[in-house]
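Asks: Here you go, sequence then predicted model.
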Amino acid sequence: MIDNKDKVAVVFGVRNESSIGYDIAVKLHQSGCKVALNYVDDTKDEVLYLMEKNGMDPQYSAHVDVRDELQITAFLQSVYNGLGPIDYILHGVAYGSQQVMCYTLPGSNEPAPEYIDIPFDDLMDAFNISSYSFLRICRVAKPLLAKNASILTLTYNASQRVFPGYAGMGICKAALENMVMYLASYFRDLNVRVNAISAGLVMTTSAGGILGVRKLRKIGKFTAPLGNIDAGDVGDAALYYFSSLSKKVTGNIHFVDGGFNIMGLGVDGE
């Protein structure tokens, strides 16, 4: 049902094969999109390998630090010049230091940092990469977007609920979700839609930094009515937003978490 033949898609945030953005990029490619990915120094080889593995043309992929507006501008302008107006953008970028996420390093006897002691500079760096980069990308992309373009970001339920192991990143996700609403309104005259998928806990490289991640997955297995999810479940939902099927959907926070978000209490699976 979804035909994205010759559509142009840009995906920010693929780190490796476990990344949610990777599954989305593959599905965009399989649906007919011309896909460009960003990478940074420590992900370049992996990203380019994955593109080659899946038959994607890496010509317009580039090194982009999402904290640098000039790099974003050069990247998106190159995609626009080479492939045409941009139909779809995925923002799948997030980062928080140990001090922001309040976890203890493996093998360390040091206590985990406390939430109340999150350093301002660390939090601002996490906000810059995880949240403000979304606004920055949208600002740069505005004159380069195709008619009826769709912009999507990835969030997490810690924006609305307390997950101690996620700590200061919950602040970043709450800000990100607020940006989704305001940008959805802002882009109304261009008929560009802006949405977010609130994904359940997927075992990505980033998720490895969440304190008690395996315990959370165990809880989710029994508590969520449909159980835990994987990256493919998020990719399937993303493809809806990256198609004409969602042409009248904007400002939405779409939960793909097996229904975990509706539960008031954990369910004991023993």
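Replies: Looks like it came in fine.
Asks: can we go C-alpha only for contacts and neighbour counts from here?
Replies: Noted.
Asks: Just say helix, strand or coil for the closest residue in space to residue 31 that isn't next to it in sequence.
Replies: What sits nearest to residue 31 in space, not counting adjacent residues and going by Cα to Cα, 6 or more residues apart in numbering, is residue 4, at 5.3 Å. Following DSSP: H, G, I helix; E, B strand; the rest coil, the label given to residue 4 is coil.
Asks: check contacts around residue 110.
Replies: Counting by Cα atoms under 8 Å, 6 or more residues apart in numbering, residue 110 touches residue 104.
Asks: hang on, the residue nearest to residue 31 packs against residue 32?
Replies: Yes. Residue 4 lies in contact with residue 32 (Cα atoms under 8 Å); the separation is 4.7 Å.
Asks: Those two: which is more packed in?
Replies: residue 4 (20 against 16; other Cα atoms under 10 Å).
Asks: what separates that one from residue 27, distance-wise?
Replies: 10 Å (Cα to Cα, to the nearest Å).
Asks: Next, the contact list for the most centrally placed residue in the chain, please.
Replies: Centroid-nearest residue in the chain: residue 92, 2.3 Å away (criterion: Cα atoms, centre = their mean). With contact set as Cα under 8 Å, 6+ apart, residue 92 has these partners: 11, 12, 13, 14, 20, 21, 153, 154.
Asks: Now for those residues, which sits with the most neighbours around it?
Replies: Going by other Cα under 10 Å, residue 21 tops the contacts of residue 92 with 28 neighbours.
Asks: can you pull the contacts of it?
Replies: Shown in contact with residue 21 (Cα under 8 Å, 6+ apart): 11, 12, 13, 14, 90, 92, 235.
Asks: If we only consider the residues you listed, which is nearest to residue 188?
Replies: Taking Cα to Cα as the measure, residue 90 is the one of the contacts of residue 21 closest to residue 188, at 18.7 Å.
Asks: Can you classify the closest one by secondary structure?
Replies: Using three-state DSSP, the structure places residue 90 in strand.
Asks: so it sits right up against residue 10, yeah?
Replies: Yes. Counting by Cα under 8 Å, residue 10 is a contact partner of residue 90 at 6.4 Å.
Asks: who's in contact with the nearest residue to residue 243 once chain neighbours are set aside?
Replies: Spatially, and ignoring its direct neighbours in sequence, residue 243 is nearest to residue 2 (6.4 Å; Cα to Cα, 6+ apart). In this structure, residue 2 makes contact with 31, 243, 244, judged by Cα under 8 Å, 6+ apart.
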